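The following comprises the amino acid sequence and a computationally predicted model.
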Amino acid sequence: MQITKLICPTSKYAIKCPFLMTPEGITVHNTANDASAMAEASYMLGNNNQVSVHSFVDDTRVVEAIEQYRNAWANGDGVNGFGNRKTISVEICYSKSGGERFDKAENLAAEYIASLLKKYGWGIDKVKKHQDWNGKYCPHRTLDLGWQRFLNKVQSYLGTTSAPVNNSKGGADQILRVGSIVRIDKTLTVTGVNAKSNLIAIQELTGTPTSSIHWFDPTNFDVVEGPKKAQQVCTVGCKVKLKGNYKVLGLVKTEDWACKLKIGNRTNWVWTNPCYEVQD
Ligand SMILES: [Zn+2]
């Protein structure tokens, strides 16, 4: 099972997932749309609507977009609703037109949900439908085809599926390709400054700098905390954020996955872990 993890940036927690959550169940949805899981998740994380979903599943992969220890706004049952505050919401893609790719997405969702039941030590009774929380006819196509039929599918996977290995580092689980568009949304700490060349090092992005590919052109970074000096972008220890989106120019697996990005006037290799894919 291919699980791609997109991390909701903390800057969007207030909109998308403001509350900590200890999940007590799973809610199944259909997107009523014909977009892929990656497109749905990117759209959801990219807008500022108070609508959010933990995971999207299409015919080829699962995309996890909200941490399961935070709530999501998917169930229309209000700020304190059980659906919104206690359940992991899973959207099944391609339900608008249905057909073979929806059937495959539903199968993969059943496998994924079975793996979550195992992870949390739950039985099939923990699988709910959006309709249970506010009456909305969702998951519409899954209901048309038969809810019990879907539960039976989940049940059948319970016998064969093991709990997913949660690779929070992203890396191989995040399916970046050459040509993917990424951004790095976290606040970073400058760990080295070469004042003579006006370059900075950031350990979180590259590990300890060992060659020129690990030194960054500072012009694409905003200093968010700490003094900015005249001849250099900032001092060691100051906090910066990388502006803009970047195209992945290359990928390599060393001790972890790294990708090649052109940042300012330099080409750098950075870990894929802090990269957040905005376009597949
Ligand atoms: Zn729904």
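Good, I have the coordinates.

Could you pull out the helices in the protein for me?
13-16, 37-46, 82-86, 100-120, 131-134, 140-145, 147-158, 203-206 (DSSP state H).

Pull out the buried positions in the first one.
For helix 13-16, burial by neighbour count (16 or more other CB atoms under 10 Å) applies to 15-16. Backbone N, C-alpha and C define where each C-beta goes, glycine included.

Which residues does it contact?
The contact list for helix 13-16 (CB atoms under 8 Å, 6 or more residues apart in numbering) reads 8, 44-45, 48-50, 52, 66, 70, 72-73.

Enumerate the residues of the stretch 151-280 of the chain near the ion.
Residues of the stretch 151-280 of the chain lying near the ion by CB under 5 Å from the ion: none.

distance between the ends of stretch 186-197?
Chord length of stretch 186-197, first to last residue, is 25 Å (CA to CA, to the nearest Å).

and what of stretch 33-41?
First residue to last in stretch 33-41 (CA to CA) measures 13 Å.

what's the answer for stretch 27-37, then?
OK, stretch 27-37 end separation, CA to CA: 17 Å.

touching the ion at all, it?
Yes - legend: contact between stretch 27-37 and the ion by CB under 5 Å from the ion is shown at His29.

What lies in contact with stretch 136-144?
28-30, 32, 76, 92, 95, 98, 102, 106, 129-131, 150.

pLDDT, neighbour count and distance to Ile263 added to those, as TSV?
Below are those laid out as TSV (pLDDT from 0 to 100; neighbours: other CB atoms under 10 Å; distance: CB to CB, whole Å):
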residue	pLDDT	neighbour count	distance to Ile263
Val28	98	28	41
His29	98	25	38
Asn30	98	26	40
Ala32	97	13	39
Gly76	96	15	42
Ile92	98	28	37
Ser95	97	22	39
Gly98	97	17	43
Phe102	98	23	40
Glu106	98	26	41
Lys129	97	22	45
His130	97	26	42
Gln131	96	18	47
Phe150	97	22	46
